[in-house]
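S.K.: sequence and predicted structure, then a few things I'm wondering about:
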Amino acid sequence: MIRFPLIILVSLLAHALTKAQEPFTLKGTIDTTENAIYYFYYEVGDSGITDTVRLKKGGAFEISGYIEEPSRLFVSIEDKYNPRVVGDFIVYQGWLEPGKEHIFKGFRDWQKGWDNFEISDSKTDSLSREWSKLSVLEDKEEITRAQSRFIEEHLGSYYVLQVLYGKLRNDEDLTRVRDLLSRIPAHLQSTFKYKKSLDMLAVKDNISIGSVFPDFEQADTSSNMQRLSDIRKNKFILVDFWASWCGPCRAENPHLVKAYNQYHEKGFDIIGVSLDKDRDEWIQAIHDDKQVWHHVSDLKGFDNEVAKSLYIRSIPSNFLLDPTGKIIARDIRGEELTRLLGEILN
C-alpha cells in the first residue's frame, strides 16, 4: 500500500477545498442611469441570495458569491411599470456557474427577451438561449421534436437537468422524465437539482390517481390541530389548496359551495388548505365565500409545509379522495365536481 506523508494529504485536501469554494464573479455594466438600484438574486439549493447593488459611474457593478452548481440569476428593480406584477420587476434572467468570472452587459430595452443582455463564459446560459429559441418554431409537433433532440444531445448538461426539473413541476410526461433521469450521467447525480428531481418524482408517484393521499396535520382557524385521517373517516373528501388572494381560487369557491351543500349529507366533505400569510384575510375570505367546511393553514404562504411536501406550486389545486384515502380525481374545475359526486353518491 502506498503511504503519503500527512503534510501532503493535508495540503491536497486544503487545495481541493479551496478549489471547491472558489467564488463566482459577475461584473459589468447596465445601460441605465447612475446610482440606480438593482437586485441580483441567485439560487442556492432550495433558497437563494439577494445582493442589492447601486450602479456606479457608467452603470458599472460587481458582485461575487459561492455556488456549488450552476444557478439561475434574476436581476430586478422596484416595480413601477406593471401593476399586475407582485414584487420586484425582473429585467434580466441568466445563469451563473461556480468559480467563473462572468462579464455582464445589460441593455436598456427589456422587451427583447434573451437579446436584452449578454453574459460571458456560461455554457448553461448559452444552452438556455438555444432552448428558448425552440419555442418560437411555427409547428407544435416540430417544437416537440426539436426539444426532444435537444434533450438527447445535451443530456450530460446541467441545463437539461433543469428542463427535466421544470417538466416534473408541471406534471409533464412523467414516464418520459423518469426514463431520462435514469440516464443522467454520474457527474450530475451528486447535484442538488438531480436529488431534488428524484425526490419530486417519488412524491408525484405518491399523489397520482390510485395512490393513498399522504396524511397531514395543521391548525384550523381556532388554532386547534386537525388531521386529515380523522376528518375523512367514511367520507369522500376534497383536499383543496387555495388562498384568499388567489383570484382563480375564489372563482372556484361557488362551485365547491354548491357541491358541498348538495352532497355533504350523503358523505362528502372538504378540507381547505390555505396558502395565506395573513390570518385575518384568510378568515374573512372563508366567511365571504360561505365556506362552511374544514380549514387549516400554517400561514406560511407558498412555504406551507403540506404544499411544499407535495411540490404544489400553483393554486387552485385539489384532490378527491375516497373513504380509504385513495385519490380518485384531481384538479377538478367548475361543475365537474358536482357531476362526479352525483355519479358516486346518487
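M.R.: Received, thanks.
S.K.: ok, which stretches of the stretch 1-150 of the chain are helices?
M.R.: Using DSSP state H, counting those that start in this stretch, the helices of the stretch 1-150 of the chain run over residues 6-20, 123-134, 140-153.
S.K.: from Glu68, how far out is Gly45?
M.R.: For Gly45, the distance to Glu68 equals 8 Å [Cβ to Cβ, to the nearest Å]. Where you see a C-beta, it was placed from the backbone N, CA and C, and this is true even at glycine.
S.K.: swap in Ile344?
M.R.: Counting by Cβ to Cβ, the gap from Ile344 to Glu68 is 49 Å.
S.K.: those two: who's more crowded?
M.R.: Using other Cβ atoms under 10 Å, the more surrounded residue of Ile344 and Glu68 is Ile344, with 16 against 13.
S.K.: which stretch of helix or strand covers the more buried one?
M.R.: Take DSSP states H and E as the rule and Ile344 turns out to sit in helix 336-345.
S.K.: list the buried residues of that helix.
M.R.: Across helix 336-345, burial judged by 16 or more other Cβ atoms under 10 Å covers 337-338, 340-341, 344.
S.K.: need those residues in JSON lines (columns: pLDDT and distance to Phe89).
M.R.: Formatted as JSON lines, the buried residues of helix 336-345 follow (pLDDT from 0 to 100; distance: Cβ to Cβ, whole Å):
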{"residue": "Leu337", "pLDDT": "95", "distance to Phe89": "37"}
{"residue": "Thr338", "pLDDT": "95", "distance to Phe89": "41"}
{"residue": "Leu340", "pLDDT": "95", "distance to Phe89": "41"}
{"residue": "Leu341", "pLDDT": "95", "distance to Phe89": "43"}
{"residue": "Ile344", "pLDDT": "93", "distance to Phe89": "47"}
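S.K.: dump these to CSV, plus distance to Ser274.
M.R.: Below are the buried residues of helix 336-345 laid out as CSV (distance: Cβ to Cβ, whole Å):
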residue, distance to Ser274
Leu337, 19
Thr338, 23
Leu340, 24
Leu341, 23
Ile344, 26
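S.K.: re the thing from before, list residues touching both of Gly45 and Glu68?
M.R.: Phe192 (Cβ atoms under 8 Å, 6 or more residues apart in numbering).
S.K.: re the thing from before, and the helices of the stretch 1-150 of the chain, which one averages the lowest pLDDT?
M.R.: Comparing mean pLDDT across the helices of the stretch 1-150 of the chain, the weakest is helix 6-20, with a mean of 44.
S.K.: give me the domain ranges for this structure.
M.R.: 6-121, 135-206, 217-345 (automatic domain parsing).
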